[in-house]
Each structure stands twice: as structure tokens, then as C-alpha cells.
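Asks: fold the stuff below for me.
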Amino acid sequence: MSARGAGHNQLHIANPERALWQAVLLQAIEEALHGPKSVSTLHRAREWQEARDYITTPSEDLEMVCSLAGVEMEAVVERMKLETKSRHRNANFHGLGTLRERNLVQRKDSS
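Replies: All right, here's what the predicted structure looks like:
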């Protein structure tokens, strides 16, 4: 094992609570960027938007998670606003649109 790897493992052992909250924050970021994996297709668009809203809007809950994870909430919110906006632009550029837009189109077509 490299010295770098050993130091990384020691950090988690030295502060397992912080590592847990970092994992919670990482999961919220993953869901905001890629959508929740454990949600049915019917509710996926709504859940994905809620995940994006959570990670891009300052709140007491997000402040607590970020604080326990050892990161600044403002930095997370600003970075995630850029990431989600960039991904939205790229999806529209490629003609995919957002899940919400596709759901609206499908509902109109099916009525």
C-alpha cells in the first residue's frame, strides 16, 4: 500500500463521522447530477428536480450536512449551480431536454 493510500485510510479511521457525512453529501451530489437510482420512472423527474433543488439552494439542513462533512455550504451550492446549469445546457444542445421537459411533452402527446 502506498503512503498516500495509508494516509487516506487513516483519515477515515481518525474521523469516521466526517467520512460518513462526506458520503451523505456525495450521494446528494450524485442524485442531483445523475438522478436518483432507486426511484421508479414515474417519479424520477420529480425526485431528480428535488435533488437538484436541495444541493443548489442554501438551507439549514444542507448547512448541517456540509458542516459535518467539513466543507463550506456556499462553495458546494455555487459549484453545483454551475454543474447543473452546464448539464442542462448540454442536454438541450443534444436535443435531449430535461426530464421534466420530456415528461411534459409525453403527457401532451398522450392526452
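Asks: where in this structure is pLDDT low?
Replies: 1-14, 39, 88-111 (pLDDT under 70).
Asks: for the closest residue to Arg18 other than its chain neighbours, give me its contacts.
Replies: Of all residues beyond its chain neighbours, the one nearest Arg18 is Gly70 (5.3 Å), with distances taken as C-beta to C-beta, 6 or more residues apart in numbering. C-beta coordinates here come from the backbone N, C-alpha and C atoms, glycine included. Residues near Gly70 by C-beta atoms under 8 Å, 6 or more residues apart in numbering: 18, 21-22.
Asks: and Gly70, backbone torsions?
Replies: Note on Gly70: its backbone torsions stand at phi 80, psi 30 [degrees, to the nearest 10].
Asks: give the buried residues for the host helix or strand of Cys66.
Replies: In this assignment (DSSP states H and E), Cys66 forms part of helix 60-69. Within helix 60-69, the residues that count as buried by 16 or more other C-beta atoms under 10 Å are 62, 65-66, 69.
Asks: who touches that helix?
Replies: 17-18, 21-22, 24-25, 28, 54-55, 72-73, 76-77.
Asks: which ones among these map onto helices?
Replies: Secondary structure from DSSP state H places 17-18, 21-22, 24-25, 28, 54-55, 73, 76-77 of those in helices.
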